[in-house]
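[1] 3D, please:
(4 chains, ligands or ions: 6)
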Amino acid sequence: MDFVTEKNMDHDLEVRIGSLVLRNPVLTASGTFGYAREFEQFVNLHRLGGVVVKGISLEPRPGNPPPRIVETSCGMLNAIGLENVGVERFIAEKMPYLNNLDVPVFVNILGDSVDEYQRLAARLAGIPGVSALEVNISCPNVKKGGAAFGSDPDMAAAVTRAVKQESDVPVIVKLSPNVTDVTVIARAVEAAGADGLSLINTLIGMAVDLRTRRPKLANVIGGLSGPAIKPVALRMVYQVARAVSVPVIGIGGIASAEDALEFILAGATAVQVGTANFVNPRASEEIVEGMAAYVHAQHLGSIRELIGALQISEGGS
Amino acid sequence: MDFVTEKNMDHDLEVRIGSLVLRNPVLTASGTFGYAREFEQFVNLHRLGGVVVKGISLEPRPGNPPPRIVETSCGMLNAIGLENVGVERFIAEKMPYLNNLDVPVFVNILGDSVDEYQRLAARLAGIPGVSALEVNISCPNVKKGGAAFGSDPDMAAAVTRAVKQESDVPVIVKLSPNVTDVTVIARAVEAAGADGLSLINTLIGMAVDLRTRRPKLANVIGGLSGPAIKPVALRMVYQVARAVSVPVIGIGGIASAEDALEFILAGATAVQVGTANFVNPRASEEIVEGMAAYVHAQHLGSIRELIGALQISEGGS
Amino acid sequence: MNQIQEKVQLIRSERLTADIFRLTLASQAIAASAAPGQFVMVRTGTAHDPLLRRPFSIYQTSSDGTFQIVFKVIGRGTTLLAHCREGEELSVLGPLGRGYRLEQKGQNILVGGGMGIAPMLFLAKRLLKKTALQEPPQVLLGARNKEELQPMLVDFQALGVRVLTATDDGSLGHHGLVTDRLRKLHPAPESMVYCCGPKPMMAAVAMICRERSLACQVSVETAMACGMGACLGCTIPLQDGSYGHACSDGPVFDAERILWTL
Amino acid sequence: MNQIQEKVQLIRSERLTADIFRLTLASQAIAASAAPGQFVMVRTGTAHDPLLRRPFSIYQTSSDGTFQIVFKVIGRGTTLLAHCREGEELSVLGPLGRGYRLEQKGQNILVGGGMGIAPMLFLAKRLLKKTALQEPPQVLLGARNKEELQPMLVDFQALGVRVLTATDDGSLGHHGLVTDRLRKLHPAPESMVYCCGPKPMMAAVAMICRERSLACQVSVETAMACGMGACLGCTIPLQDGSYGHACSDGPVFDAERILWTL
Ligand SMILES: Cc1cc2nc3c(=O)[nH]c(=O)nc-3n(C[C@H](O)[C@H](O)[C@H](O)COP(=O)(O)OP(=O)(O)OC[C@H]3O[C@@H](n4cnc5c(N)ncnc54)[C@H](O)[C@@H]3O)c2cc1C
Ligand SMILES: Cc1cc2nc3c(=O)[nH]c(=O)nc-3n(C[C@H](O)[C@H](O)[C@H](O)COP(=O)(O)OP(=O)(O)OC[C@H]3O[C@@H](n4cnc5c(N)ncnc54)[C@H](O)[C@@H]3O)c2cc1C
Ligand SMILES: Cc1cc2nc3c(=O)[nH]c(=O)nc-3n(C[C@H](O)[C@H](O)[C@H](O)COP(=O)(O)O)c2cc1C
Ligand SMILES: Cc1cc2nc3c(=O)[nH]c(=O)nc-3n(C[C@H](O)[C@H](O)[C@H](O)COP(=O)(O)O)c2cc1C
Ligand code: FES
Ligand code: FES
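    Numbers count the residues shown, from 1 in each chain, chains lettered A, B, ... in the order given. Ligands and ions are numbered 1, 2, ... in the order given. Below you'll find the predicted structure:
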């Protein structure tokens, strides 16, 4: 592909998340793309809209005992247990490589208390190469008996405010789908200052081994991801995009450019590719290519024309 | 299969739901087995543990405009819109056939208000052949702004009490998975007198047609069922079975005897086969056969030994 | 109704065009009991994706205990089906639905468009067998171009029925719509028009028949999950404000019952 | 590391026993760069079910640009793979992981059990190529019975290495465990034991080696989603209380690093 074509392509696909300009709407989902370097042999990383790194906590975490993953019908369960190197080693060992890449880096952060989230945001402020924070609020709040931050609008808002206060980059809050009404959390988080929302995180699921009569995951329950959850993700993105005015990043079972475009029609400004990276390490870049081809073939001025362009007719189609 | 074998088989598989004795734990899920007659050419109906019929309302309902169904990865979305013939025609036209079958019939009921549920239960009381009621509380409460009965513990309990008051057969309440904590609803419904709980109903999802840029369902959103949702269903059955002491009926993506046995290990006393009936109309009977074969091969005295027998080890397997 | 589900052997797979295939399947039961306009539901994969069966009209049956379907590759299910090899087994459910009501009185006019041609061959054969018929059926077939029309056309020609054709690009027969050809016919008042094709074509045929007071039966296509009246997914809006179910009330309906929404 | 993902042609599919298959796949890149103990991740279906790739050790590579895997049919993925036909294309990712560290000093003892025999052939061939080796590798192979052992055994015998065998039922070689045979060997202190097999076997081999102060490398098996260090799913508990990742830190580890939990 020559320079002119590539430039045109990038231009057609540009989107904004808060003050951040992405050359295209395709990001990689946290926990499914390592720290990007793992994929350098498969993907031209600078062709991506951005990279979201594995969730980082203040202290290193060893994660859960094995087995941590199990395949399910059109999906997989994971109970990685948020294994990560901790924010200090992340800054020292992972950020230099990421900072050298010509691609926005979203740092996914997680904590067990509002204070932990706040300290993470403070520590990451001013670090070169950090383009945005993505706040994972699906973790249990240890101070409040373990209910997830993501299922209580007040707790979700408190985390958002604390992170916003310290951060010098756009703050995206990543919503959990394991709630009765995702728009309630979405509105609370928007009101607390989030620059964007990403959804969905995994659905809570479980798998049983009939042979051993034990759960297939050592942690008993895990997070369901992959094509199986796409219909739930699309529905929630659609609902949230209509409920808030900040940009929404769609996640859940995206494996092709068509999948990604469906989320954009439903109201997403950008998307994240997760489990598909495991099946096809080139998935994210191929989705960028497919999206560019679609914009071209449909004679769209820009991908932005498609955001939320889903037509809803009254009383049937 | 000769008489003795069949009798033995049935004995090994017997379970109880309230005062009701089922010859085996395999029921068919509401809305996926018509009024049973549709399957008489494929299934020896009297070999099933029971049949749950399509949801019945006080008045006939035409249902939603088409398209009403769409396939998704390892699943399907439906927005049938609770099309049904209404309770009067159900009693007049469908019950005589069902009453003649040697199989327990669970009548699935739905309404837009507590009063409607109550009147349905009253109307069905004393009708020959009605073995149990299954109360579908996933419908929107029209009197309370459309929030589903199934997502509010007080509303769910109110419906349960109203139905219990009128009913002369066991009352099963069918729980929605689209809630933050399913055990809260489960406990409320148990306290209100439910004789059993069945779960899960469908997850709310959506599909988008990129070509037409419209939702694939005329109703925009629909219910996700099939193997895709099995991990979510297993997890919720596991959680609810530990939270209540009434029997739990597991539903969601069951397509084989192994699937069914996994739900029983997770705590289900019985299971329902739904979407699988569409793919293989013999699925329900084959699951009974597979379950009998398993009980035999594992030298179990009874299937009841497996209910909730999942072994959970601390700190990994 | 005598419906069965069985594993049937794929005896022959023929690629008629780039994306149209004809499969010959061995099933004594289906071959013996199927009627024109009925369909089968075929599993296209072995795993859970794609999950649901796919509906196909019965193209013809044979006394040797086989039947055929003809299909176009559309998406994942039909792609898998096109890759099935001779000798493999396919899970088939059928025969399903209510087929065409065969008329004896006036002329029989069969109008097929695109893959809607598929059920017409079986129908033409059955009508030819009716000795009471005054004249052989008149068949009108339309398709996008010669390539798509030719492979099925030859099967009709072999029957000895009269066939009139139309293609969108004029590469075979009339350059235009098959409905143009229908308009030029002047059948006796008691004639019956049997139709299957894209919705706009069927709506147009239904309108022509209403204008001329001709009886008309159409075979509708909807999304289907079960094919046997259990899921209530295959709704088709009717003139009286109610819904019909394509798999069990149809797929063949009297055209005047249908509410044509385009 | 030079990892690639490509569609490779299935050149040959051989059924070695009722449920063990050997596939020969065409990939210049993988054949050229793979090392013993490394593996490939293979897509076994085309739809989303089964979703994930399946890991298989590289059995051997050839200078003609092909490599082989040998696998046993376990579940859905391997069933699909067994049904693949020659000429079809498979999506393969590899070579992945850290293979065996080849030693020059003492004797090289290769211990393979069950499908853990698979990586041993490639290893034996590479060790044979090392001209500095004082003596050819000693191979110990164990399996359930003769039927399972024979097909891979002949490939080792063709190499000219010394092979000792054991079967659970005594149908070939020693009647008992391959570890019995290992216990009877008295290798020089600087020898290296290379092992792959079921977890209990590897734990036993590791223990024997520790008792005799022999160096030992084992190739572990865990569930894997990505095979390239991205998902963190393939955890293996280590002696120091931390976790290793089988796909990127392994699958080959020094046996003494592993925390053996059974
Ligand atoms: C009663 C009945 C009889 C039928 N008989 C025949 C027959 O004899 N021969 C034949 O070729 N087909 C026939 N069909 C249509 C056939 O069932 C579909 O083409 C098939 O199910 C498509 O499956 P797929 O998995 O390939 O496509 P999918 O992956 O299910 O669909 C791919 C995309 O194409 C769209 N789509 C689905 N069906 C069609 C369609 N028919 N036309 C255009 N777009 C579509 C879907 O919305 C989707 O977006 C019949 C349908 C019915 C209801
Ligand atoms: C690095 C590595 C290298 C490997 N090399 C080889 C090789 O060269 N040859 C080979 O035959 N296999 C090898 N395996 C194992 C192989 O990957 C599995 O057997 C395969 O993934 C099973 O896939 P499936 O879809 O058939 O089974 P699934 O459907 O995924 O599993 C079916 C059932 O079997 C269980 N199961 C899964 N794997 C195993 C197993 N290995 N043994 C017993 N039960 C199991 C599962 O828990 C599940 O309940 C290797 C594994 C790893 C990690
Ligand atoms: C193995 C694995 C690890 C994950 N780790 C994280 C994480 O650390 N932080 C986070 O916010 N989400 C994490 N996720 C969730 C994904 O980012 C994504 O929200 C989810 O998988 C749904 O998208 P998908 O269906 O495309 O995979 C993880 C998912 C998987 C499969
Ligand atoms: C087409 C269709 C119609 C359904 N109709 C009803 C209904 O009327 N009442 C009800 O309680 N559940 C209904 N359900 C939900 C099922 O009973 C079941 O809870 C759900 O499909 C999950 O099980 P499955 O994955 O085995 O299909 C319906 C499901 C489908 C697919
Ligand atoms: S396809 Fe299920 S009722 Fe018609
Ligand atoms: S398999 Fe994904 S990190 Fe090892």
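
[2] Tell me the gap between the lowest-mean-pLDDT helix or strand in chain C and the middle of its chain.
    One helix or strand of chain C scores below all others by mean pLDDT, DSSP states H and E: helix C:178-184, with a mean of 89. The gap between where helix C:178-184 is centred and where its chain is centred comes out at 19 Å by CA atoms, centre = their mean, to the nearest Å.

[3] buried residues in stretch C:24-38?
    Residues of stretch C:24-38 classed as buried by neighbour count (16 or more other CB atoms under 10 Å in any protein chain shown): C:24-27, C:29-31, C:33-38. Every C-beta, even on glycine, is put in place using the N, C-alpha and C of the backbone.

[4] For those residues, could you give me TSV that also reports secondary structure and pLDDT?
    Converted to TSV, the buried residues of stretch C:24-38 look like this (DSSP: H, G, I helix; E, B strand; the rest coil; pLDDT from 0 to 100):
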residue	secondary structure	pLDDT
C:Thr24	strand	97
C:Leu25	strand	97
C:Ala26	strand	96
C:Ser27	coil	95
C:Ala29	helix	94
C:Ile30	helix	95
C:Ala31	helix	95
C:Ser33	helix	94
C:Ala34	coil	96
C:Ala35	coil	96
C:Pro36	coil	97
C:Gly37	coil	97
C:Gln38	coil	97
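
[5] what stretches of chain A score poorly on pLDDT?
    A:1-11, A:140-147, A:314-317 (pLDDT under 70).

[6] Mind doing that once more with 90?
    Residues of chain A meeting the criterion pLDDT under 90: A:1-11, A:82, A:102, A:138-149, A:313-317.

[7] which residues of it fall in helices?
    A:3-13, A:86-89, A:95-100, A:114-124, A:153-166, A:182-191, A:230-243, A:257-265, A:276-279, A:283-297 (DSSP state H).

[8] quick one, which of these is nearest to D:Tyr194?
    Of all those, helix A:276-279 sits nearest to D:Tyr194, with 29.0 Å by CB to CB.

[9] For that closest one, C-alpha coordinates in CSV please.
    In CSV, the C-alpha atoms belonging to helix A:276-279 read as follows (Å, rounded to 0.1, in the frame of the first residue of the first chain):
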residue,chain,number,x,y,z
ALA,A,276,-10.5,-12.6,18.4
ASN,A,277,-6.8,-11.7,18.9
PHE,A,278,-6.2,-15.2,20.2
VAL,A,279,-7.9,-16.9,17.3
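
[10] and that helix, anywhere near chain B?
    No - counting by CB under 8 Å from any CB of the partner chain, chain B has no neighbours in helix A:276-279; the shortest distance is 11.6 Å.

[11] Report the distance from that helix to the chain centre.
    Remark: helix A:276-279 is offset 15 Å from the chain centroid, using CA atoms, centre = their mean.

[12] measure A:Val163 to chain D for me?
    Here A:Val163 is placed at a distance of 24 Å from chain D (CB to the nearest CB, to the nearest Å).

[13] related to what we said a few turns ago, mind exporting the C-alpha coordinates of the least confident helix or strand of chain C to CSV?
    Only the C-alpha atoms of helix C:178-184 are listed here, as CSV (Å, rounded to 0.1, in the frame of the first residue of the first chain):
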residue,chain,number,x,y,z
VAL,C,178,-41.2,-12.6,-15.6
THR,C,179,-44.3,-10.6,-14.6
ASP,C,180,-44.3,-9.0,-18.0
ARG,C,181,-44.7,-12.4,-19.5
LEU,C,182,-47.5,-13.2,-17.1
ARG,C,183,-49.4,-10.0,-18.1
LYS,C,184,-49.4,-11.1,-21.7
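
[14] State the next helix or strand along the chain beyond that helix.
    Per DSSP states H and E, the first helix or strand lying C-terminal to helix C:178-184 is strand C:192-196.

[15] Now do that next one: everything it contacts.
    C:37, C:57, C:100, C:103, C:105-113, C:116-120, C:123, C:182, C:187, C:201-202, C:205-206, C:209, C:214-219, C:255 (CB atoms under 8 Å, 6 or more residues apart in numbering or on different chains).

[16] re earlier: looking at the helices of chain A, which is closest to ligand 6?
    Closest approach to ligand 6 among the helices of chain A is made by helix A:276-279 (6.9 Å; CB to the nearest ligand atom).

[17] residues near C:His83, how many?
    14 (other CB atoms under 10 Å in any protein chain shown).

[18] Report the spatially nearest residue to A:Arg304, omitting neighbours in sequence.
    Among residues not flanking A:Arg304 along the chain, A:Val15 sits closest, at 6.3 Å (CB to CB, 6 or more residues apart in numbering or on different chains).

[19] wait, what's in contact with the one you found?
    Contacts of A:Val15 by CB under 8 Å, 6+ apart are A:21-22, A:24-25, A:49, A:247, A:269-270, A:303-304, A:307.

[20] Please pick the buried ones from the residues you listed.
    For the contacts of A:Val15, a burial check counting by 16+ other CB under 10 Å picks out A:22, A:24-25, A:49, A:247, A:269-270, A:303-304, A:307.

[21] Test my guess that C:Leu141 contacts C:Thr167.
    No - under the criterion of CB atoms under 8 Å, C:Leu141 makes no contact with C:Thr167, lying 9.3 Å away.

[22] If you count surrounding residues, which of these two has more?
    Taking neighbours as other CB under 10 Å, C:Leu141 and C:Thr167 compare with C:Leu141 leading, 27 against 23.

[23] what's the pLDDT at that one?
    For C:Leu141, the pLDDT comes out at 95.

[24] and if you look at the one 4 residues further on?
    pLDDT, C:Asn145: 94.

[25] and what of C:Gln134?
    Predicted confidence (pLDDT) for C:Gln134: 68.

[26] how close does the closest residue to C:Ser62 other than its chain neighbours get to chain B?
    Leaving aside its chain neighbours, C:Ser62 sits nearest to C:Ala31 (6.2 Å; criterion: CB to CB, 6+ apart). Counting by CB to the nearest CB, the gap from C:Ala31 to chain B is 18 Å.

[27] for C:Leu23, same thing?
    Distance of C:Leu23 to chain B, computed by CB to the nearest CB: 20 Å.

[28] How about C:Ala223?
    C:Ala223 is 5 Å from chain B, by CB to the nearest CB.

[29] OK, contacts around that residue?
    Contacts for C:Ala223 (CB under 8 Å, 6+ apart) come out as B:66-70, C:233-234.

[30] Find the pair from those with maximum spatial separation.
    Largest pairwise distance in the contacts of C:Ala223, by CB to CB, is 12.2 Å, between B:Val70 and C:Cys234.

[31] For these two, indicate the residue with more neighbours.
    Ranked by neighbour count (other CB under 10 Å), B:Val70 and C:Cys234 place C:Cys234 first, with 29 against 24.
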